[in-house]
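**Student:** Need coordinates for the following:
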Amino acid sequence: MYFEDRVDAGRRLALQLLERGYTGEETVVLGLPRGGVPVAYEVALALGAPLDVWVVRKVGAPGYEELGLGAVAEGGVAFLNRELMDEMGVTEDDLREIVRRKAGEVDARVARFRQGAEPPWLEGKRVILVDDGIATGGTIRAAIRALRARRPGRIVLAVPVAAAETLTELESQVDDVVCVSPARSLHAIGQWYVDFRQVPDEEVVELLAQARIILGPSQPSPSTG
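**Tutor:** Numbering: from 1, shown residues only. Below is the predicted model of the structure:
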């Protein structure tokens, strides 16, 4: 199954979530920027749930940035592939510097996307975590670990397309997995989309602003709300 674009993917994903009985009641939809946000926007509209982001940055190997060693999520949580680090000869000093830099990038993106708004209050809520696709799952694993620290009632992982093997590995880390097209082989997420253009930061900010108008803001922490 191929998707026209992220809007099409989000609408198809929303249909499956609705068929599973998911609604906007006590639910927060979180999109992984940038590509996951247009997908999550359609899900939030369909379910009638507030939309927010959860920021994650991939940790690339020194000199080979496209090779992911793991990821750092907001809240300072990192997921790292120690076996791959050893294979690449990445030292602990190298890693500390990389993680420090990526954590700074996460903080900067959080400020850019939320525009000063507080992070959503997730304790006891159903969190639907959305991306536009999952290959190896490094960024998703970091996001899930960070979200668990916020003590949500349930975490539902929802994606249009993902590597079937990775989904199986992730099932034990979340409460439910919803995927429109599990793929036996997934080399590049973009191959499953007719239009897989880059999503600019400005589009993420605009979609979040539109969602706040239509669906209302996500509830901030009681200590800050």
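
**Student:** tell me which element I155 falls in.
**Tutor:** strand 154-163 (DSSP states H and E).

**Student:** what's that strand packed up against?
**Tutor:** helix 6-19, helix 36-47, strand 126-130, helix 138-148, strand 176-183 (3 or more CB pairs under 8 Å, 6 or more residues apart in numbering; DSSP states H and E). From N, CA and C alone the C-beta is placed, and that goes for glycine too.

**Student:** Could you tell me how far the residue minimising distance to the centre of the chain is located from E202?
**Tutor:** Here the mean C-alpha position of the chain is nearest to the C-alpha of L32 (CA atoms, centre = their mean), at a distance of 3.0 Å. Using CB to CB, to the nearest Å, L32 is found at 17 Å from E202.

**Student:** And for G190?
**Tutor:** Distance of G190 to E202, computed by CB to CB: 21 Å.

**Student:** Next: Q173.
**Tutor:** Distance from Q173 to E202, by CB to CB: 32 Å.

**Student:** Looking at these two now, which is surrounded by more residues?
**Tutor:** Q173 (15 against 9; other CB atoms under 10 Å).

**Student:** got a list of what the more buried one touches?
**Tutor:** R141, I144 (CB atoms under 8 Å, 6 or more residues apart in numbering).

**Student:** Any stretches of the chain with poor pLDDT?
**Tutor:** 1, 61-68, 220-225 (pLDDT under 70).

**Student:** ok, 90 please
**Tutor:** Along the chain, the model assigns pLDDT under 90 to residues 1, 57-71, 75-102, 116-119, 135-139, 142, 184-188, 216-225.

**Student:** State the distance from the residue lying farthest from the centre of the chain to L69.
**Tutor:** Distance from the centre of the chain peaks at G89, with 28.7 Å (CA atoms, centre = their mean). Distance of G89 to L69, given as CB to CB: 12 Å.

**Student:** can you check I140 too?
**Tutor:** Applying CB to CB to I140 and L69 gives a distance of 15 Å.

**Student:** Could I get the phi/psi values of the residue farthest from the centre of the chain?
**Tutor:** Phi and psi for G89, reported as degrees, to the nearest 10, are phi 70, psi 30.

**Student:** how far out from the middle of the chain is the longest helix along the chain?
**Tutor:** Secondary structure of the chain per DSSP state H: the longest helix is helix 92-114. Taking CA atoms, centre = their mean, to the nearest Å, one finds the center of helix 92-114 at 16 Å from the center of the full chain.

**Student:** List the buried residues of that helix.
**Tutor:** Judged by neighbour count using 16 or more other CB atoms under 10 Å, the buried positions of helix 92-114 are L95, I98, V99, K102, A103, V106, R109, V110, F113, R114.
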